[in-house]
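A.B. asks: only geometry, no sequence info:
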């Protein structure tokens, strides 16, 4: 079996990569250029709002290198989790960028688009059939969460990519995708072992993060053989070591041995890491264990309100000593002041210097000499969030606490205006498993010119 | 036998989300001997994690040793889901502080 080479330019499309590393990668004659464009880590806002957490100019810069090289050297390209979260609007946003690049560079590329957003009516039917189950420790799904979600995507596996490449695509652009799938699909289609291919994909999706020194913005080359893969960083200063690669298997996962994904489990129990030379590591023994029912993960987010914040500092030691009590009293005064109105709001004080980072998990209670306070108000309507934030800010500013000496004001504001309207707030509403599906049929796979932008 | 700081035995101590509902902690030890010794001593366990974060031990999902990386991984249920109202750390990347205070009874040099 001949070796199969995959170039991963960057950890997330838009994070960038040095041109020199990319050129070195292309000179290795890769069989595939693949990139993971997204993550759930930046929180629910991006999936819920349909906006990208990556910058448009940066995404275009990275894609331009990839698509120009792909055309010149006839290398297929796979992109997963388009636009960051992979909802339809993210996909449309990424398509526009690709169209711009093709037009500006006069590139004639055959593009297939995989839409992984699922309709709520389809999911409601599946929910009623009992085919949507919680993914521990997620609470069970409710009909309300399902119907209120703005975007729900299914994390596609390798099968839809394979389908798209079988259609004859030069470039496959997918919505939400299991991170390793974008790298593993083509080699699996060509007969390479799924466990080896998916484990390679799991490492390549972070590009050079698995090297030492690690970086999300540098290229990594993966080479697949019959029962092994080899990792080689393209940046001159980086090395892959057995330590750096093995350590990466832990990253962002609950269990380093068993990694569940679409349609099965990646089992790393018997994985062996071997140092080939100074910069390359060879990996063997990873297995894919298909599950009885084909299962994918669903991700959804819903709008919960609008946010207004105010940021201030406190330096007065007498006030700092009493801060918990003072903030409780301010909360009571807000409630009392608007008790005649049925305002619904959620008020949080982030007190930096006092459990601001760890909240309820914070074990340390050391005194500090300075506190940063973020007054954080979320309400259904912007005007109410503004009203409550303004009231809390002015009440706290002039609050008369016991033994106060500093009667001119309790807060140091770095900004004027002091109150900042942040806008929409989302929360994760769906993080569940969808069972009993055909991994290809439930998604829309179309040529770019047949794909309808905007329509849901 | 004297106590030694966990920071002297490890190259990496970090926290991160493992999906929006879990926080995961990684300890990567300096060498195989240290890793084996720590695993044998069973000092990093569910009870220690629960104690450090002042949570009931049921909230600790797992503590797993991973030999290929000379690592121990602990995962807990997030107090609130990533991005929910009242959130303090969307990525979960600054929740490792209490782990740095772990002291291990140690004989000999490192």
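C.D. replies: Great, that's in hand. Remember, predicted model here, so these are calculated numbers, not experimental data. Numbers count the residues shown, from 1 in each chain, chains lettered A, B, ... in the order given.
A.B. asks: Setting aside sequence neighbours, what's the nearest residue to residue A:43?
C.D. replies: Leaving aside its chain neighbours, residue A:43 sits nearest to residue B:83 (3.7 Å; criterion: C-beta to C-beta, 6 or more residues apart in numbering or on different chains). (Each C-beta comes from the backbone N, C-alpha and C, glycine too.)
A.B. asks: Validate this expectation: that neighbour resides in a helix.
C.D. replies: No - the assignment for residue B:83 (DSSP: H, G, I helix; E, B strand; the rest coil) gives coil, which keeps it out of a helix.
A.B. asks: check contacts around it.
C.D. replies: A:43, A:44, A:45, A:426, A:427, A:428, B:20, B:90 (C-beta atoms under 8 Å, 6 or more residues apart in numbering or on different chains).
A.B. asks: In which helix or strand does the third one reside?
C.D. replies: Spelled out, that is residue A:45. Following DSSP states H and E, the helix or strand that holds residue A:45 is helix A:44-49.
A.B. asks: Can you name every helix or strand that the helix or strand following that helix contacts?
C.D. replies: The first helix or strand that comes after helix A:44-49 along the chain, using DSSP H and E, is helix A:56-73. With contacts defined as 3 or more C-beta pairs under 8 Å, 6 or more residues apart in numbering or on different chains; DSSP states H and E, helix A:56-73 has these neighbours: helix A:19-27, strand A:32-36, strand A:77-80, helix A:88-104.
A.B. asks: mind checking how far helix A:56-73 is from the chain centre?
C.D. replies: Helix A:56-73 has its C-alpha centroid displaced from the chain centroid by 21 Å (C-alpha atoms, centre = their mean, to the nearest Å).
A.B. asks: Show me which residues of it are buried.
C.D. replies: A:58, A:59, A:60, A:62, A:63, A:64, A:65, A:66, A:67, A:69, A:70, A:71 (16 or more other C-beta atoms under 10 Å in any protein chain shown).
A.B. asks: Check stretch A:81-97 too.
C.D. replies: A:81-95, A:97.
A.B. asks: What separates the first and last residues of that stretch, distance-wise?
C.D. replies: Terminal residues of stretch A:81-97 are spaced 15 Å apart (C-alpha to C-alpha, to the nearest Å).
A.B. asks: Next: stretch A:208-219.
C.D. replies: 6 Å.
A.B. asks: what comes up buried for it?
C.D. replies: Buried, per 16+ other C-beta under 10 Å, within stretch A:208-219: A:208, A:209, A:210, A:211, A:212, A:214, A:215, A:217, A:218, A:219.
A.B. asks: on that earlier part again, report the mean confidence score over the helix holding residue A:45.
C.D. replies: In this model, helix A:44-49 has a mean pLDDT of 98.
A.B. asks: between the helix or strand encompassing residue A:161 and strand A:32-36, how many degrees?
C.D. replies: Counting by DSSP H and E, the element that carries residue A:161 is helix A:158-166. Angle, helix A:158-166 to strand A:32-36, by axes from the mean of the first three to the mean of the last three C-alpha atoms, to 10 degrees: 140 degrees.
A.B. asks: where's the one helix or strand residue A:300 maps to relative to the chain centroid, distance-wise?
C.D. replies: In this assignment (DSSP H and E), residue A:300 forms part of strand A:296-314. Its chain's C-alpha centre and that of strand A:296-314 lie 15 Å apart, by C-alpha atoms, centre = their mean.
A.B. asks: now stretch A:408-419
C.D. replies: Worked out by C-alpha atoms, centre = their mean, stretch A:408-419 lies 34 Å from the chain centre.
A.B. asks: Show the end-to-end separation of it, please.
C.D. replies: Start and end residues of stretch A:408-419 are separated by 20 Å (C-alpha to C-alpha).
A.B. asks: Now that stretch: average pLDDT?
C.D. replies: 94.
A.B. asks: So for that stretch, what gets flagged as buried?
C.D. replies: Within stretch A:408-419, the residues that count as buried by 16+ other C-beta under 10 Å are A:410, A:411, A:418, A:419.
A.B. asks: mind listing what's buried in the helix holding residue A:161?
C.D. replies: Under the neighbour-count criterion of 16+ other C-beta under 10 Å, helix A:158-166 has A:158, A:159, A:160, A:161, A:162, A:163, A:164, A:165 buried.
A.B. asks: repeat for stretch A:128-137
C.D. replies: Buried-residue list, stretch A:128-137, by 16+ other C-beta under 10 Å: A:131, A:132, A:135, A:137.
A.B. asks: For chain B, tell me which of these show up nearby.
C.D. replies: The subset of the buried residues of stretch A:128-137 within reach of chain B, by C-beta under 8 Å from any C-beta of the partner chain, is A:135, A:137.
A.B. asks: and which of the buried residues of stretch A:128-137 is nearest to chain B?
C.D. replies: residue A:137 (4.6 Å; C-beta to the nearest C-beta).
A.B. asks: Chain B: helices as residue ranges?
C.D. replies: Assigned by DSSP state H, the helices in chain B fall at B:32-41, B:46-52.
A.B. asks: Of all these, which one comes closest to residue A:255?
C.D. replies: With C-beta to C-beta as the criterion, residue A:255 lies closest to helix B:46-52 of those, at 14.3 Å.
A.B. asks: The closest one vs chain A: in contact?
C.D. replies: Yes - remark: helix B:46-52 sits within contact range of chain A at residue B:52, by C-beta under 8 Å from any C-beta.
A.B. asks: Can you tell me the element residue A:446 falls in?
C.D. replies: According to DSSP H and E, residue A:446 maps onto strand A:444-447.
A.B. asks: taking the mean pLDDT, what do you get for that strand?
C.D. replies: 98.
A.B. asks: Could you list every helix and strand in contact with it?
C.D. replies: Strand A:444-447 sits against strand A:111-115, helix A:158-166, with contacts defined as 3+ C-beta pairs under 8 Å, 6+ apart.
A.B. asks: With distance to chain B added, can I get these in a markdown table?
C.D. replies: Converted to a markdown table, the helices and strands packed on strand A:444-447 look like this (distance: least, C-beta to the nearest C-beta, whole Å):
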| stretch | distance to chain B |
| --- | --- |
| strand A:111-115 | 22 |
| helix A:158-166 | 21 |
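A.B. asks: rewinding a little: please narrow the buried residues of stretch A:408-419 to those residing in strands.
C.D. replies: Within the buried residues of stretch A:408-419, residues falling in strands by DSSP state E are residue A:419.
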